[in-house]
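Participant: Pasting a predicted model and its sequence here:
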Amino acid sequence: MSSTTSGSRNQSQHHQPTRPKAPSSKASSVDTGYFQETPRLKNQFKDDVAIQRILSLYLSPVLLKPLHKELDSLASTALSPKVLTWLRDAETNPPTLESHDAFANRNENLRTSVGWRKLSELGAHEGIVAEGYEGRYGRIGQFAKYYILSPSSAITTCPFAMTDGAARLLAQQIPKAPSSTQGKVFANAHFRLISRDQSTRWTSGQWMTERPPGSEVGRRETIAVYSPLAEPTNFDDVDELGPWIIDGYKYITSATDADMTILLARTASGLSAFYAPTRLPNGDRNGIKVVRLKKSTGTMALPTAELELNGMRAWLIGAEGDGIREISTVLNVSRIHNSVTAVSFMRRGLAIAKAYAKARVVAKNRPLWTMPLHLRTLAGLELLHRASTHLTFLTVHLLSVIEDSASPTSINSSGYLYVPSSASAIQLFRILTPMTKALTARLAMITLSESVESLGGIGPNETEEPMNIARLLRDTQVLSIWEGTTNVLITDLISVLKRTSRAGGEGRSWEVINEFVEENLGRGGRAGEAGEILERCKVVLWKEWKEFESILDTRSKEELTRSGRAVLWRLGWVICGVLLIMDARRDGDRVATDLAKRWILERGGIWGWDDDRGNEEEERRVEDRTGDDCLVVFGEELPTGAEGRPKL
Ligand SMILES: Cc1cc2nc3c(=O)[nH]c(=O)nc-3n(C[C@H](O)[C@H](O)[C@H](O)COP(=O)(O)OP(=O)(O)OC[C@H]3O[C@@H](n4cnc5c(N)ncnc54)[C@H](O)[C@@H]3O)c2cc1C
């Protein structure tokens, strides 16, 4: 033992340590000390400049005026105590399944929470599906409502997505039905799917996934056999059971509580699509055994199950062997719903992050919302949201156009944006649907993850609604998986871009994108500072598009698929860039112009673009952007004296 050590011990034995002086302030306790001011969300329509600008690109002022009123009121409903109570109930009481009664008899009892059922009722009442078929505001109005309600919906939007897809498919099939009975069966189902009335409305499932890989739809193991009933059923015409019998195992099916389903099964002629009610008119299940519920990180309130089908009675949709083509109608619609969910979650996540930044005070007592680095982070996310929402609503508008181009709700009445009609619209829609779904789901993950982090340690907590940003992050994860994973959608996108022609050569279906880019960028610019910035954006975007077009032209489908993520980002970047320019050009709005500049000249929107074309040149010019960041994020000037405020 060293003398130093023993010396110090001796010292401590001889001298009583002096008690440190207590600090002048009091120690914190559970009820005393520093308390964070509670952040509050504003009205989620009034506070959302992005959606207001985007709606005005597509709808006339005559339609916008009443729609704004309804969206304002719906936004209040979405944050009302009643809806938040239902949301909490749906999240904390996930569905349960009892399979047998006390005497070991099979007696399936699938229970969902009151909150889940009430939120579903609310969505139907507000026309989350119906609005798209009623002709008042068309698809744009429908999805604007969906966008406002979705973050408070406990994913009741998932069954609505499939319901909408099934409604569109059945609407196409009714005039083609091979018998009057089948026509009546389909018409009855369609009427119920688009009903707002609780006593008549139905929801639909969409059952494709089985144990073999989802991306190999051809390997379905569910079998359908034509076996008409020997005796009529004595049910009403509209309840008549179909002549096909289906057996098989469906491995992942959401909306297990749905009233009907569209499903795939194999017949002697190949994969075919079918319609089936989930229950018989007497209330028994239509040959469906709910084997078990799935447990998922997100989508807690949504009943998702494995199902065994045994003698399910169904009607064939379209021709035998055409199943993939038929069900793609459902998928195209449900992918749009997925994209709208993604951008609506981005919006709510950002609203929470912004409310928190307004309430939180950080380093040396400075308001978090004025901190340059924090503002820069949030401005980057606002940019992702603005671009993604533009892309999504362009796809929604194209759906409108291909459904009914003559409807007043399909006429892009502002006239600022060129959108093709007829055959080109169908082609553009086909390209944009998988692209938009894939891109918005990925960007929503980035935005929600960053937004969670922006609340610091509270972010991952399952806090009270409506501030529960952790729930949004959990639910966002599934958006990139169901309705096709990112890479499966990219594969689909590239196969459309490089579609093989009947003669065997590779097609040039991206020409419709060229038309979209050229027609829009070629339109007249505007004068002034905004006009000058937008002109520079136009030149850069056009050059990038032409370079990318030559890549599409010269590389084979296989080569493009190998670097598919880059194809997704670059194509998405071009289309979003066009939309941002066109939005800003119409009025030279300062924030809209700044967003176009950030996206195009600074490449602020590119995440995961795996080449090294960075943004050095423009980055050098962006030394002091805190004031602009503040405008982009909060729509207000940075307060005088805040760090980063440009010197006057
Ligand atoms: C909560 C939830 C609810 C769902 N609800 C439904 C429902 O209601 N109805 C329904 O039918 N399905 C539903 N699904 C299933 C979902 O659609 C599938 O899980 C999804 O399409 C992926 O299919 P898979 O699980 O078979 O994965 P796989 O196809 O096995 O994919 C596994 C991985 O391989 C990758 N991959 C596959 N093929 C390729 C390729 N060619 N190139 C590159 N990568 C590839 C995928 O990107 C993925 O990362 C649901 C899923 C979840 C999570």
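Facilitator: Yes, it's here.
Participant: Quick one: mean pLDDT for the helix ranked longest in the chain?
Facilitator: Assignment by DSSP state H gives helix 323-359 as the longest helix of the chain. For helix 323-359, the mean pLDDT works out to 97.
Participant: Mind listing residues that contact whichever helix or strand comes after it?
Facilitator: Following helix 323-359 in sequence order, the next helix or strand is strand 361-362 (DSSP states H and E). The set of residues external to strand 361-362 that reach it, using C-beta atoms under 8 Å, 6 or more residues apart in numbering, is P367, L368, M371. C-betas here are computed from N, CA, C, even on glycine.
Participant: How many residues are close by the closest residue to T299 other than its chain neighbours?
Facilitator: Closest residue in space to T299, ignoring its immediate chain neighbours: I155 at 5.0 Å, by C-beta to C-beta, 6 or more residues apart in numbering. Neighbour count for I155, taken as other C-beta atoms under 10 Å: 25.
Participant: who touches I155 in this structure?
Facilitator: With contact taken as C-beta under 8 Å, 6+ apart, I155 is in contact with G298, T299, A301, L302, D475.
Participant: returning to that earlier point: is the longest helix of the chain in proximity to the ligand?
Facilitator: No. Judged by C-beta under 6 Å from any ligand atom, helix 323-359 stays clear of the ligand, getting no closer than 9.1 Å.
Participant: Tell me if K437 really is in a strand.
Facilitator: No. Checked against DSSP: H, G, I helix; E, B strand; the rest coil, K437 lies outside a strand; its state is helix.
Participant: For it, give its distance to the ligand.
Facilitator: Using C-beta to the nearest ligand atom, to the nearest Å, we find K437 at a distance of 12 Å from the ligand.
Participant: Need the pLDDT of that residue.
Facilitator: 98.
Participant: In three-state terms, label the residue in the stretch 151-300 of the chain that the ligand sits nearest to for me.
Facilitator: Relative to the ligand, the nearest point of the stretch 151-300 of the chain is G214 (2.3 Å; C-beta to the nearest ligand atom). Of the three states, G214 takes coil according to three-state DSSP.
Participant: tell me the pLDDT at it?
Facilitator: The predicted local confidence for G214 is 74.
Participant: That one and W207 touch, don't they?
Facilitator: No. With contact defined as C-beta atoms under 8 Å, G214 does not reach W207; the gap is 11.7 Å.
Participant: Counting neighbours, what do you get for R136?
Facilitator: R136: 17 neighbours (other C-beta under 10 Å).
Participant: Now do the contacts for it.
Facilitator: Neighbour list for R136: L63, T409 [criterion: C-beta under 8 Å, 6+ apart].
Participant: pLDDT score assigned to it?
Facilitator: 93.
Participant: Close to the ligand: what parts of the chain are there?
Facilitator: Counting by C-beta under 6 Å from any ligand atom, the chain sits next to the ligand at 205-209, 213-215, 252-254, 296, 299, 304, 478, 481-482, 484-485, 487-488, 491.
Participant: Now list the buried members of those.
Facilitator: 205-209, 214, 252-254, 296, 299, 304, 478, 482, 484, 488, 491 (16 or more other C-beta atoms under 10 Å).
Participant: Let's see which of those residues end up in strands.
Facilitator: If you go by DSSP state E, these have G205, Q206, W207, I252, T253 in strands.
Participant: need those residues in TSV with pLDDT, can you?
Facilitator: Putting those into TSV (pLDDT from 0 to 100) gives the following:
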residue	pLDDT
G205	97
Q206	97
W207	96
I252	95
T253	95
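Participant: Could I get these in CSV, plus columns for distance to L122?
Facilitator: Output for those, formatted as CSV (distance: C-beta to C-beta, whole Å):
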residue, distance to L122
G205, 20
Q206, 22
W207, 26
I252, 26
T253, 23
